[in-house]
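[1] Build me a model from this:
(one chain, ligands or ions: 2)
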Amino acid sequence: MRTFAIKSGVLLLAAGLGLGAAGSAFSAESLQDVLKRRGLSQQDLLAAAKTYVPTGKRDEFLAFSSGGQSGQVIVYGIPSMRILKYIGVFTPEPWQGYGFDENSKAVLKQGWIDGKEITWGDTHHPAISETNGQYDGQFLFINDKANPRLAVIDLRDFETKQIVVNPIYKSEHGGAFVTPNTDYVIEAAQYAAPLENKKFFPLEEFNEKYRGGVTYWKFDRKEGRIDPKKSFSVELPPYSQDLSDAGKGPSDGWSFTNSFCTERYVGGIEKGRPPYEAGCSAKDTDYLHVINWKKAAELVAAGKAKKINGHDVLPIDVAVKEGILFLIPEPKSPHGADVTPDGKFIVVSGKLDTHVSVYSFEKIQAAIKAGKFESKDPYGIPVIGMKDALHTQVQLGLGPLHTQFDAKTCVAYTSLYVDSQVAKWNFCEGKVLDKISVHYNIGHLVTMEGDSVAPKGRYLVALNKLSIDRFNPVGPLHPQNHQLIDIANDKMQLLYDMPLPLGEPHYVVAIEASKLKPGVRYKVGTDSRTDKPHPGAVRAGEERTEKKGNKITVYGTLIRSHITPETIEAEVGDEVTIHLTNLERAQDETHGFTVSTYNTHASVEPGKTVTVKFKADKEGVYPYYCTEFCSALHLEMQGYLLVKPKGWKPTKTTMAKANYSETDYKATLKKVADTQAVIDSVVGYITSTNFKDFPDVVAMVEDATDQLNKIKDAKQKHEAAAAQKDWEQANLWAEQVWQYQVKAADIGLRAKTYLEQNGARKVK
Ligand code: RUQ
Ligand code: CUA
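    Ligands and ions are numbered 1, 2, ... in the order given. This next block holds a predicted model:
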């Protein structure tokens, strides 16, 4: 894309405007022809019409999917099911420079455990921040089951800002679930282990020394970060705690956590003991943990917690004495615990039971007030009788797992893993309304804002574990299948299959797209990982390279199509730190940066400052360049890192010349004049409109003006050189003038197109 053809005042990107082969020999197909040729039914056509989002149009909802074992978050649109982004969370993500620049490495480093780098994560459950129980679109949280961690993603830029390591667990599962105002993010343990870090107890001491728990991470919304010092946990018995949910409305202040293997069975088939699966599902019931977290927080503040690994843990006996911890039996091996939008009920599904059990918060409270308990568990926790707490039980089918809610009152959807179905049912009246088959083995499911106090209904996505025969085969490892289902009517209708090829997603949350207001640029010089001014940021003209001892620090900038500096000179063994600020203001003008073979990469969006750092431990010449196709002169956005041997002295001090003549110089001047005519016409158009009403265009005009302002200096240089008949210098500086013009024209044309497409008015 190097050549620009100039024709009657129109600047054409030669490769950009290729017209398709004109005059096809075939006449256009009719809709009926296409249906016939592709074997589509009217039903398919309806599904297509409900999901197709034409070019330029946007989706109604955005889904944030766990990326499973990829340790990332996947963002896609609903109903189009188009993937929009992978957010690097627990694992390095090269495109975004996540884990390849110093600023994001610092975030990943927060997730190291016992001093060890961990480069993968098993993400399960994302949660969007809430205000009064409604999704507010500000933050996203997600957990890592394998390495008990929780991450905070800021939805202003969709970047991971913080990772916290759970101080007392060795695995977790019941996170992330937020309280209705996001005061706390809940994270429950999974497989019990000793809570003291790096402490060994034999499995024979499982009942005495192994423990589970629920952690309440305090979220500081103003800082946009979790505050570990104000976070605490409630110690729980070594029952494998599972999915959790926060109460809302009448049940606000309480949280609910499932468990399995309350048998506290420890396998060991090697020693002749029956396996885990046999011993862990022997009893008919497990326990729902009911915790008053508001009261727990007060007790911790009052000094009733003990410190384990420096973290506040409220011991079981204290929780029991203070009356904040209760158990309720629930049918065998439960999985999901989902609080209804009105906060009145908790829906529990047992994997090995065909029912969903709906517990009434009111009944639970009545039992607690009356002191009506059927027993105590071996740790002294009062057990509320199942009958005393149940509102109803509904037989749905085999393997019910997770429940989501509709905008219509009392309507819920539950995934049936074994039956491979979604059941629609009424939790108030306890009756089944509809069922639909999915392909195959559904885990979680998601309805729009379906775990908030105000679900939006409309769509449901079934997150199927297997896709078997749904897609073109790609080897033994298949993608997952996210199936979009229309739930607007009485009968559910399957609309679309989306193969998801990035790990095994567990939960997804979906939010109304209009609630998200992500930025398009940073304030110039921002470290996006701390949201603070980056100490290495510089403005145009302030670029410099400093050397102190064997430390080289570069304060550089990026702007179309130029990296400042163009050469970095080092001696073998020097430590090189490069700070780069993207000076662009235009939307989507990202530059990337890498240095050959030094395993470093940065994605520098407009306004951002990023640092890359490495030891120049290899003598040689290493090109560095911009990795994003940012402009027509993108390939020229380059430079050299010169790593010289120690004590090296130059022998040749002048560069080779190209022998330009006066004719070359004159030709360049002509090109400059022609291009100026184009710029004048574009500028004329833009200024004739109400462009100031379009912030994006104002930003582009500022960027273009920046480019044009640089012309003066280059022009003086080429005229001075020409006066001395140095045609080499004269021609090259004139070419540089043209470079600035081309970039300005490129931006200007983009602004013009934007104005035309967005209905700008003529004002003069
Ligand atoms: S859990 S379905 Cu985290 Cu159900 Cu996977
Ligand atoms: Cu900047 Cu390519």
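
[2] which bits of the chain sit near ligand 2?
    With Cβ under 6 Å from any ligand atom as the criterion, the chain comes near ligand 2 at residues Ser561, His591, Cys626, Glu628, Phe629, Cys630, His634, Met637. To be clear about C-beta, it is placed using only N, CA and C from the backbone, and glycine gets the same treatment.

[3] Mark which of those residues are part of helices, please.
    Judged by DSSP state H, helices contain none of these.

[4] out of those, who's nearest Asp706?
    Closest to Asp706 out of those is Ser561 (13.0 Å), distances taken as Cβ to Cβ.

[5] What residues of stretch 666-679 count as buried?
    Residues of stretch 666-679 classed as buried by neighbour count (16 or more other Cβ atoms under 10 Å): Thr668, Leu669, Lys671, Val672, Asp674, Thr675, Gln676, Val678, Ile679.

[6] Same check on stretch 89-105?
    Within stretch 89-105, the residues that count as buried by 16+ other Cβ under 10 Å are 89-93, 96-105.

[7] Okay, and which of the buried residues of stretch 666-679 map to helices?
    Thr668, Leu669, Lys671, Val672, Asp674, Thr675, Gln676, Val678, Ile679.

[8] For ligand 1, what's the nearest residue on the stretch 651-764 of the chain?
    Ligand 1 sits closest to Asp696 of the stretch 651-764 of the chain, with a gap of 40.2 Å, by Cβ to the nearest ligand atom.

[9] what's the answer for the chain, then?
    For the chain, Cβ to the nearest ligand atom, closest residue to ligand 1: Gly443, 2.9 Å.

[10] Give me the number of neighbouring residues for that residue.
    Residues near Gly443, counting by other Cβ atoms under 10 Å, number 21.

[11] And for the one 4 residues further on?
    A count of neighbours around Thr447, defined by other Cβ under 10 Å, yields 24.

[12] what's it in contact with, if anything?
    Shown in contact with Thr447 (Cβ atoms under 8 Å, 6 or more residues apart in numbering): Gln404, Phe405, Asp406, Tyr413, Pro455, Lys456, Gly457, Arg458, Tyr459, Leu460, Ile487, Ala510.

[13] about what we covered before: check the residues of the chain next to ligand 2 for the minimum pLDDT and say which it is.
    Across the residues of the chain next to ligand 2, the bottom pLDDT score, 83, is held by Ser561.

[14] residue closest to the middle of the protein?
    By Cα atoms, centre = their mean, the mean C-alpha position of the chain lies nearest to Ile87, the distance being 3.4 Å.

[15] SS state for it?
    For Ile87, the assignment made with DSSP: H, G, I helix; E, B strand; the rest coil gives strand.

[16] can you check Ala407 too?
    Assigned with three-state DSSP, Ala407 falls in the coil class.

[17] Hmm, it is touching Gly457, no?
    Yes - counting by Cβ atoms under 8 Å, Gly457 is a contact partner of Ala407 at 3.4 Å.

[18] Any idea what the spatially closest residue to Ser349 that is not a sequence neighbour is bridged to?
    Among residues not flanking Ser349 along the chain, Pro400 sits closest, at 3.7 Å (Cβ to Cβ, 6 or more residues apart in numbering). With DSSP bridges applied, Pro400 shows beta-bridge pairing to Leu416.

[19] how much space is there between Pro400 and Glu619?
    According to Cβ to Cβ, to the nearest Å, Pro400 and Glu619 sit 65 Å apart.

[20] who has more neighbours, those two?
    Comparing Pro400 with Glu619 by neighbour count (other Cβ under 10 Å), the higher total belongs to Pro400, at 32 against 15.

[21] Can you check the pLDDT for the more buried one?
    Reported pLDDT at Pro400 in the predicted model: 95.

[22] OK, contacts around it?
    Per Cβ under 8 Å, 6+ apart, neighbours of Pro400: 335-336, 349-351, 353-356, 414-417, 423.

[23] and with 7 Å instead?
    Ser349, Gly350, Val356, Thr414, Leu416 (Cβ atoms under 7 Å, 6 or more residues apart in numbering).

[24] Follow the chain on from the host helix or strand of the residue of the chain closest to ligand 1 and name the next helix or strand.
    Following DSSP states H and E, one finds Gly443 within strand 442-448. Tracing the chain past strand 442-448, the next element assigned as helix or strand by DSSP H and E is strand 457-464.
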